[in-house]
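[1] A structural model of the following input is requested.
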Amino acid sequence: MIKAVIFDYDGTLADRTKATCSAFRIYLQNYVLEEKTDSVYLESLVQDLVLWDEFGSGNKRQMVERFNRKYGYSIDYEHFFNWWIKNLGTYEPLFENTLKTLEYLKTRYKLGIITNGTSIGQNTKIDSTNIRHYFDCIIVSDDFGKAKPEAAIFNEALKQLAVLPQQAVYVGDSYSNDIIGAYNAGITPVWIWCEDGRYNFDGVKRIYRIEDLIEIL
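    As a prediction, this is how the structure comes out:
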């Protein structure tokens, strides 16, 4: 019997891709481009950065260095990274039916979040969307000292929620961090990926939207 549902945050509950598009655009306009830039040229810069960000898994220093080499700018990595950590979360909206889904699940299950990232960055995101009160545990890798896909961070969530691995499901968009991490911890993984063209053949349940979770629990 399932007693707890644990979520990844970025790309699962909230739209990180939309956030990166907005944040990169604003940073370039405010700190890099010295004068008004043609909108198509600006968008080409933004889309390269989004591509090199690799859904958050890309090395940010290498991304900045690659950008500077290609376009001839001189973004200071430390300035960019500090701004990014403090501000990305303010541009990251929840997916359309996240709140409705959390409202439904909260009355039936214990809820948790396990998210990789810095303490400031991830907590800012969660607080910006005002969803902290839905969750019985929230674990940020920077605070815990270990990150997904290590089993220890999943085990800590189980401990805080007071459930066994077979009593929990974990929902995430990253196969290498979320799915394999939950699987190795004995938790039932659910892969959320909204785009067609990528399919799994391992028996792991796949949903396209967060609200689909209600139908499979």
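[2] Can you list the low-confidence ranges for the protein?
    197, 200 (pLDDT under 70).
[3] what's the domain layout of it?
    If you go by automatic domain parsing, the domain ranges for the chain are 4-15+93-216, 16-91.
[4] Redo these as TSV? Include mean neighbour count.
    Where you see a C-beta, it was placed from the backbone N, CA and C, and this is true even at glycine. Formatted as TSV, the domains of the chain follow (neighbours: other C-beta atoms under 10 Å):
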stretch	mean neighbour count
domain 4-15+93-216	18
domain 16-91	15
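[5] ok but Gly112 is inside a strand, no?
    Yes. Gly112: assigned to a strand according to DSSP: H, G, I helix; E, B strand; the rest coil.
[6] Next, the contact list for it, please.
    Counting by C-beta atoms under 8 Å, 6 or more residues apart in numbering, Gly112 makes contact with Ala4, Val5, Ile6, Phe7, Phe135, Asp136, Cys137, Ile138, Ile139, Ala157, Gln160, Leu161.
[7] Can you give me the end-to-end span of stretch 85-98?
    From its first residue to its last, stretch 85-98 covers 23 Å (C-alpha to C-alpha, to the nearest Å).
[8] that older thread, for the contacts of Gly112, give me a markdown table that also has distance to Asp173.
    As requested, these are arranged in a markdown table below (distance: C-beta to C-beta, whole Å):
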| residue | distance to Asp173 |
| --- | --- |
| Ala4 | 19 |
| Val5 | 15 |
| Ile6 | 14 |
| Phe7 | 10 |
| Phe135 | 18 |
| Asp136 | 22 |
| Cys137 | 20 |
| Ile138 | 18 |
| Ile139 | 17 |
| Ala157 | 17 |
| Gln160 | 22 |
| Leu161 | 21 |
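[9] hang on, Arg206 is in a strand, isn't it?
    Yes. If the criterion is three-state DSSP, then Arg206 is within a strand.
[10] Excluding covalently adjacent residues, which one is nearest to it?
    Sequence neighbours aside, Trp191 is the residue nearest to Arg206 in space, at 4.7 Å (criterion: C-beta to C-beta, 6 or more residues apart in numbering).
[11] Surely the one you found is within a strand?
    Yes. Under three-state DSSP, Trp191 sits within a strand.
[12] residues touching it, list them.
    Gly172, Asp173, Tyr175, Asp178, Ile179, Asn200, Val204, Lys205, Arg206, Ile207.
[13] who's in contact with Tyr9?
    Shown in contact with Tyr9 (C-beta under 8 Å, 6+ apart): Ile113, Thr115, Gln122, Lys125, Ile126.
[14] how does it look with 10 Å?
    By C-beta atoms under 10 Å, 6 or more residues apart in numbering, the contact list for Tyr9 reads 16, 89, 92, 94, 113-117, 122, 125-126, 129, 131, 138, 140, 172-173.
[15] Now, the residues you listed that are in helices?
    Using DSSP state H, the members of the contacts of Tyr9 that fall in helices are Arg16, Gln122, Lys125, Ile126.
[16] still on that earlier bit, can I get the contacts of Gly112 in TSV including secondary structure and distance to Arg61?
    Formatted as TSV, the contacts of Gly112 follow (DSSP: H, G, I helix; E, B strand; the rest coil; distance: C-beta to C-beta, whole Å):
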residue	secondary structure	distance to Arg61
Ala4	strand	37
Val5	strand	35
Ile6	strand	31
Phe7	strand	29
Phe135	coil	32
Asp136	coil	36
Cys137	strand	32
Ile138	strand	28
Ile139	strand	26
Ala157	helix	30
Gln160	helix	33
Leu161	helix	36
